[in-house]
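*Asks:* With the sequence up front, the predicted model follows.
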Amino acid sequence: MAYTIAEKPEEAAAFAKETDVEENPELRAAFDGKVAAEGKVEPRDWMPEKYRKTLIRQISQHAHSEYVGMLPEGNWVTRAPSLRRKAVLLSKIQDEAGHALYLYSAVETLGVSRDDLLDALHEGRAKYSSIFNYPTLTWADIAAIGWLVDGAAIVNQVSLQRCSYGPYSRAMVRICKEESFHQRQGFEAMMVMAQGAPEQKKLAQDALNRWWWPSLMMFGPSDKDSPHSALSMAWRIKRDSNDDLRQRFVDMTVPQAEYLGLSMPDPDLSWNEERGHYDFGEIDWEEFWRVVNGNGICNRERLAARRKAWDDGAWVRDAAMAHAEKKRARQAQQAAAE
């Protein structure tokens, strides 16, 4: 069977490997045609089981990343250098919580329970972005997260607005608008430090030195080592490869660092006139996989904090369910009386 939505040989090979021989060929043809025509797959539409599982994996990892991603910034709420900075940071953290909510809601449309997803996270069976397993040592780290981490997120997420799965695509529209604000406020905070006292600029440079390489790792493994990319791109879940997104981020960020008067922590970084892109050094993939597999600086601390928050909030969830049950019973009683 020829899969018209596969643009490259490796995508077609991934399709052939993952196709369920028991699938209804008519339903599969209709699905392929919709995706090929840039249509949106909706929750009630028929979809291949592998497509559904791929979406569950990707969207849940994205939701977990927003959920865990509040922690490094929350570390500085009580120590923000001004009331304005504290208010902005609190708003940003609130946005991240909202992003997690949108994404957990989107993945629930695929027939999975939010409780099961969170259980997998709390038990260490689910993944989230490796970037959030690094510590925020100074206020400059908060600025660097806004500038670099949210900047990388925008590069990755803008194309997800065109994802073939409708609920994920629509959630990304609002998320990208808010992430764009996050990146701008991070750059502005970094600029204030870079243009401030020598001690402030030193902190800004130190933060850039520590967050640059983890930010490049955010895009995931190199294309040749990414087991899911070919199929995700063929199904239009992802629209760009990891390496292409990473290059786009480097090309966007280097001029910004030059404007700030900061030095990039990469001796191999140089403009390649022939390619029209920046060449950059080799990422430490051993560090990447070490963090992804749970052995980063803050992996255990992050999961412990999320588990504690979940356990401490049990009484709130129980109270909400009890209130909802009482409300249903009262409405049923009123309906019976009428």
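*Replies:* Here it is on my side, so go on.
*Asks:* all strands for the protein, in order.
*Replies:* Secondary structure of the chain by DSSP state E: the strands cover 270-272, 277-279.
*Asks:* So which of these is the most surrounded?
*Replies:* For these, average neighbour numbers computed from mean count of other CB atoms under 10 Å are highest in strand 277-279, which has a mean of 15. Backbone N, C-alpha and C define where each C-beta goes, glycine included.
*Asks:* rewinding a little: which of the strands of the chain sits closest to Arg210?
*Replies:* Checking these against Arg210 by CB to CB gives strand 277-279 as the closest, at 20.2 Å.
*Asks:* for the closest one, packing partners?
*Replies:* Counting by 3 or more CB pairs under 8 Å, 6 or more residues apart in numbering; DSSP states H and E, the packing neighbours recorded for strand 277-279 are helix 242-260, strand 270-272.
*Asks:* Identify whichever of these lies nearest to Ala36.
*Replies:* Once the helices and strands packed on strand 277-279 are compared by CB to CB, helix 242-260 is nearest, at 21.1 Å.
*Asks:* what comes up buried for stretch 223-239?
*Replies:* 223, 226, 229-239 (16 or more other CB atoms under 10 Å).
*Asks:* cool, and stretch 305-322?
*Replies:* Ala305, Arg306.
*Asks:* State the mean pLDDT of that stretch.
*Replies:* Stretch 305-322 shows a mean pLDDT of 95.
*Asks:* center of this protein, which residue is that?
*Replies:* His62 (4.1 Å; CA atoms, centre = their mean).
*Asks:* Identify the residues contacting that residue.
*Replies:* The neighbourhood of His62, defined by CB atoms under 8 Å, 6 or more residues apart in numbering, consists of Leu103.
*Asks:* Please convert the helices and strands packed on strand 277-279 to a markdown table, extending it with distance to Arg300.
*Replies:* Formatted as a markdown table, the helices and strands packed on strand 277-279 follow (distance: least, CB to CB, whole Å):
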| stretch | distance to Arg300 |
| --- | --- |
| helix 242-260 | 27 |
| strand 270-272 | 38 |
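*Asks:* which stretch among those comes nearest Ala332?
*Replies:* helix 242-260 (51.9 Å).
*Asks:* List the buried residues in the closest one.
*Replies:* Quick answer for helix 242-260 (16+ other CB under 10 Å): 242-243, 245-250, 253-254, 256-257, 260.
*Asks:* Against which helices or strands is that helix packed?
*Replies:* Going by 3+ CB pairs under 8 Å, 6+ apart, helix 242-260 lies up against helix 150-158, helix 166-194, helix 198-217, strand 277-279.
*Asks:* give me that answer again for 7 Å
*Replies:* helix 150-158, helix 166-194, strand 277-279 (3 or more CB pairs under 7 Å, 6 or more residues apart in numbering; DSSP states H and E).
*Asks:* And these: which comes nearest Lys34?
*Replies:* Comparing these by CB to CB, helix 166-194 comes nearest, at 10.7 Å.
*Asks:* before we move on, back to that, with mean pLDDT as extra columns, can I get the helices and strands packed on strand 277-279 in a markdown table?
*Replies:* What follows is the helices and strands packed on strand 277-279, written out as a markdown table (pLDDT from 0 to 100):
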| stretch | mean pLDDT |
| --- | --- |
| helix 242-260 | 96 |
| strand 270-272 | 96 |
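*Asks:* out of these, nearest to Ala329?
*Replies:* Short answer: helix 242-260, nearest of the helices and strands packed on strand 277-279 by CB to CB, at 51.2 Å.
*Asks:* and the nearest residue to Gly74 once chain neighbours are set aside, what is it in contact with?
*Replies:* Take Gly74 and drop its neighbours on the chain: the residue closest to it by CB to CB, 6 or more residues apart in numbering is Ile93, 6.0 Å away. Contact partners of Ile93, counting by CB atoms under 7 Å, 6 or more residues apart in numbering, are Met70, Glu73, Gly74.
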